[in-house]
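**Q** below: sequence and its predicted model.
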Amino acid sequence: MDVDAYLRADNLLIDNRTIQHIHAAVDAMQGQDEPHPSTHHGIEEKFSLRKKNPHKNKYDRKKIIPLFVSIFLILVPLLSVSIISFPIRQDQDRITLTFSPEQVHIQDIMTITVDVPVFFNVSSAVATMDGNNSFPMILSETNSTIQTWQTTWEIPPIKNGEYLAVITLIDETNESFILKESWTLLPQEFSENASITNETTIETLAQLHPPGNQTNNETNNPEALERTGSQNQTDAWEITETSLDVLHKQVVVSSDIHYTNITAFSSIDNRPKDTIHLYHLMNDSKKEVDFVGIDLDNDTLVDRIEWTVPHLSEQTYEIVIEI
């Protein structure tokens, strides 16, 4: 700006000395508008540093946040399983599910029993036996440690083979868990094939009480494994017994008629109850069966055992006496 020309153009009464002072003031003002070189350089460095750090932090956050999200997604299911599912699975083996009998025919009666510890707080139970038929179970017995849920089921006319039963237990908080167990429906013609092998040494081991108060004559056998060379037979059913060794017998109960829940018993030669074992043989496997030990002479030893035969087609049992 030409300060001299401006001042003189307006014909101001300003002398040369005053004009010089004005020039000095304008130069001073212009000097303040221009930053000092060293100061300007320092500002650039600080601005550059501040501009650089936010990008670095932003890049670090982009890497860290997905890492935390991944850890969270992994931990949540694990914590859920450990807090909710693990206590049930840990104690699941303390629940027992049994079928009596495990192998049945059409129109047989199966008893389904579930024994569950009371701390599961089960309030209801439902059985689904063949994928279609579901029915509730009832609380038949309870004590300080075990609840027993039970129901019976008449086998409907369905295809023979192996089925998977599904038992749903529901606790007081409406949480549920599942038990699964297989059972077998035998072909109908299986019950018509009961036969006696004449080549087997036949012994009297057990007597049956058929339904309707019909009984057959009991054979007295004071020796647990004594050979009698006879068989027990009626028009409806028969029993044969083979001695496998001195303390081991096999019993076959057979019939062409579907009797159910038959009571069988056998004489035992004064043995402690805990040394006697009764097994039901099925499909190359055997399952221990409960029995009642009876002391006939009040000497605390068992003279006879009784057990239930679930149905009569052809059933094989073994009695083993431990020494």
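**A** Cool, got the structure.

**Q** from now on I want contacts and neighbour counts done on CA atoms only, so please keep to that.
**A** Noted.

**Q** show me the domain layout of this structure.
**A** 3-33, 37-92, 95-186, 194-321 (automatic domain parsing).

**Q** how much space separates residue 249 from residue 132?
**A** Distance of residue 249 to residue 132, given as Cα to Cα, to the nearest Å: 41 Å.

**Q** which one's more surrounded, these two?
**A** Taking other Cα atoms under 10 Å, residue 249 and residue 132 do not tie; residue 249 has more neighbours (20 against 7).

**Q** mind listing the strands for the stretch 201-323 of the chain?
**A** 206-209, 232-233, 237-245, 248-255, 260-271, 276-282, 285-288, 292-294, 302-311, 314-321 (DSSP state E, counting those that start in this stretch).

**Q** for residue 309, what are its contacts?
**A** 260, 261, 262, 263, 264, 315 (Cα atoms under 8 Å, 6 or more residues apart in numbering).

**Q** one more time with 10 Å, if that's ok
**A** 100-101, 208, 253, 259-264, 280, 289, 315-317 (Cα atoms under 10 Å, 6 or more residues apart in numbering).

**Q** check residue 321 too.
**A** So residue 321 contacts 224, 246-249, 268, 271-278 (Cα under 10 Å, 6+ apart).

**Q** for PyMOL, what selects the buried ones among the residues you listed?
**A** Selection of buried members from those for PyMOL, criterion 16 or more other Cα atoms under 10 Å:
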select buried, resi 224+248+249+268+271+272+273+276+277+278
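
**Q** would you confirm that residue 252 contacts residue 240?
**A** Yes: here residue 252 reaches residue 240: they are 5.3 Å apart, a contact under Cα atoms under 10 Å.

**Q** more neighbours, these two?
**A** More neighbours surround residue 240 than the other of residue 252 and residue 240, with 24 against 20 (other Cα under 10 Å).

**Q** test my guess that that one contacts residue 318.
**A** No: counting by Cα under 10 Å, residue 240 does not reach residue 318; the two are 11.7 Å apart.

**Q** what sits in contact with each of these two?
**A** 250, 251, 252.

**Q** what's the closest non-adjacent residue to the first one?
**A** Closest residue to residue 250 apart from its sequence neighbours, by Cα to Cα, 6 or more residues apart in numbering: residue 318 at 4.4 Å.

**Q** likewise for the second one?
**A** With Cα to Cα, 6+ apart as the measure, residue 241 is the residue that lies nearest to residue 251, at 4.3 Å, once sequence neighbours are left out.

**Q** now the last one
**A** For residue 252, ignoring the flanking residues on the chain, the nearest one in space by Cα to Cα, 6+ apart is residue 316 at 4.4 Å.

**Q** low-confidence ranges in the stretch 201-323 of the chain?
**A** Along the stretch 201-323 of the chain, the model assigns pLDDT under 70 to residues 201-237.
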